[in-house]
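K.L.:
make a model of this:
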Amino acid sequence: MPDGTGQDFPATVQGVAPAMPQRRRSQQAVALGLLTPALVLMTLLLIGPVVVVMFMSLTDYQLGASAWSIIGFGNYQELFADRVFWKSLTNTLLYVGIVVPASVALGLGIALLIESGRSLRAFYRSVFFVPVMATLIAMAISWEYMLHPQFGLINLMLKAVGLPARAWLSDPALVLPTLAVIGVWQLFGFNMVLFLAGLVSIPRALYEAAEMDGARSAWARFRLVTWPMLGPVTMFVVLISAIRSFQVFDTVHVLTKGGPSKASEVLLYTMYSEGFEFFRSGIAAAIAVVFLGFVLLLTLVKARVLDRQVHY
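P.N.:
Below you'll find the predicted structure:
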């Protein structure tokens, strides 16, 4: 019996202490059981395919072949010595260099105009978001008719003002900028929605404080309040726009097939051609690894460099 002095307290501690590790192990088992489905799905849908593609890039496997062998980095050596690969990589980088800044700037500008308006906000948001919701292949066919050299709407408009018609999709000097314009048209509505969400989250009190401090013009309020507060959103928009621009394939496949003379050949279209037209799956897998490397590089740049310049 306890005597009221607490002498039986150590016995109680000794009885509870062995139960603590067992309870912790039980909690860990429950947590592992809850995580297991997500880990299995991540392995099957994300990590597994990446590992398979990386392994396939080290083989000479061809689609439908019954035998294959490991050749190490032979596919990469052949790839880096291929003029078509470097042409497609250059075209992809040029495409990204046009689409990303243009779609980000246009999305931000339209978001600012809609947010500053007093009426029809929902209407304008819906209209500018239509290219994002539309099926890109169907819209690419519409663009093909608009860009037709004889009866296309764009050339008819040029002729109406006395300007010469252009072969937008068959001129090597114009085809890649033309595809980039289509990419900007398809992407800026998505960026607009993200910027609108960022603008709504900026406290109105900051604008009032800036106005009291002398920032009375719209440009001053944008420079001192809006742009710094949109820093995190801008970094996210730039990253997403760059990744989606690297993934350009549909418009190239529908409109140009990489032509003329490989002037519109991009990285994913080269991967498609190697894998499903020439059945060289090993080379296609090597291109996919290079593509994943660029996406990873963009993510690391965003995480390690750009985030340091942003105030959250």
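K.L.:
surely Gln62 is within a helix?
P.N.:
No. If the criterion is DSSP: H, G, I helix; E, B strand; the rest coil, then Gln62 is coil and not within a helix.
K.L.:
I'd say it and Phe276 touch.
P.N.:
No. Applying Cβ atoms under 8 Å, one finds Gln62 not in contact with Phe276, separated by 11.5 Å. C-beta: built from backbone N, CA, C; applies to glycine.
K.L.:
those two: who's more crowded?
P.N.:
Remark: of Gln62 and Phe276, Gln62 carries more neighbours, 17 against 12, as counted by other Cβ atoms under 10 Å.
K.L.:
now the phi/psi pair for that one, please.
P.N.:
Dihedral angles of Gln62 (phi, psi; degrees, to the nearest 10) stand at phi -120, psi 140.
K.L.:
per-residue confidence for it?
P.N.:
Gln62 is assigned a predicted lDDT (pLDDT) of 87.
K.L.:
name the nearest residue to it, ignoring sequence neighbours.
P.N.:
Closest residue to Gln62 apart from its sequence neighbours, by Cβ to Cβ, 6 or more residues apart in numbering: Phe279 at 5.1 Å.
K.L.:
can you tell me the SS state at the one you found?
P.N.:
Classification of Phe279 by three-state DSSP places it in coil.
K.L.:
for Ser126, what are its contacts?
P.N.:
Going by Cβ atoms under 8 Å, 6 or more residues apart in numbering, Ser126 touches no other residue.
K.L.:
tell me which element it falls in.
P.N.:
Ser126 is part of helix 121-133 when elements are defined by DSSP states H and E.
K.L.:
in that helix, what's buried?
P.N.:
For helix 121-133, a neighbour-count test (16 or more other Cβ atoms under 10 Å) marks 125, 128-129, 131 as buried.
K.L.:
count the neighbours of the residue nearest to Gln62 for me.
P.N.:
Counted by other Cβ under 10 Å, the residues lying close to Phe279 total 14.
K.L.:
show the contacting residues for it.
P.N.:
If you count contacts by Cβ under 8 Å, 6+ apart, Phe279 has them with 62-64.
K.L.:
still on that earlier bit, dump the buried residues of helix 121-133 to CSV, plus distance to Met157.
P.N.:
Below are the buried residues of helix 121-133 laid out as CSV (distance: Cβ to Cβ, whole Å):
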residue, distance to Met157
Arg125, 27
Phe128, 21
Phe129, 25
Pro131, 20
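K.L.:
give me the element the residue nearest the centre of the chain is part of.
P.N.:
In the chain, the C-alpha nearest the mean C-alpha coordinate belongs to Ile243, at 2.9 Å (Cα atoms, centre = their mean). Per DSSP H and E, Ile243 falls inside helix 231-246.
K.L.:
and after that helix, which helix or strand comes next?
P.N.:
Next in sequence after helix 231-246, counting helices and strands by DSSP H and E, comes helix 250-251.
K.L.:
which secondary structure elements does that following helix sit against?
P.N.:
Helix 250-251 sits against helix 136-146, helix 175-200, with contacts defined as 3 or more Cβ pairs under 8 Å, 6 or more residues apart in numbering; DSSP states H and E.
K.L.:
return the member of these having the minimum mean pLDDT.
P.N.:
helix 136-146 (a mean of 85).
K.L.:
if I look at Pro172, how far off is Thr178?
P.N.:
11 Å (Cβ to Cβ, to the nearest Å).
K.L.:
looking at the two, which is more packed in?
P.N.:
Thr178 (21 against 13).
K.L.:
tell me the contacts of that one?
P.N.:
By Cβ under 8 Å, 6+ apart, the contact set of Thr178 is 147, 168-169.
K.L.:
with Val289 instead?
P.N.:
By Cβ under 8 Å, 6+ apart, the residues touching Val289 are 53-54, 57.
K.L.:
so of these, which ones are in strands?
P.N.:
Taking DSSP state E, every one of the contacts of Val289 sits outside strands.
K.L.:
can I get those residues in TSV with neighbour count and distance to Ala285?
P.N.:
Output for the contacts of Val289, formatted as TSV (neighbours: other Cβ atoms under 10 Å; distance: Cβ to Cβ, whole Å):
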residue	neighbour count	distance to Ala285
Val53	18	5
Met54	14	8
Ser57	24	4
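K.L.:
from Leu158, how far off is the nearest residue to Leu196 once chain neighbours are set aside?
P.N.:
Counting by Cβ to Cβ, 6+ apart, Leu196 lies nearest to Ala111, which is 4.8 Å off, once chain neighbours are set aside. Distance of Ala111 to Leu158, computed by Cβ to Cβ: 30 Å.
K.L.:
with Phe222 instead?
P.N.:
Relative to Leu158, Phe222 is positioned 35 Å away (criterion: Cβ to Cβ).
K.L.:
and if you look at Gly183?
P.N.:
Distance, Gly183 to Leu158, using Cβ to Cβ: 21 Å.
K.L.:
kind regards, and thank you for your time.
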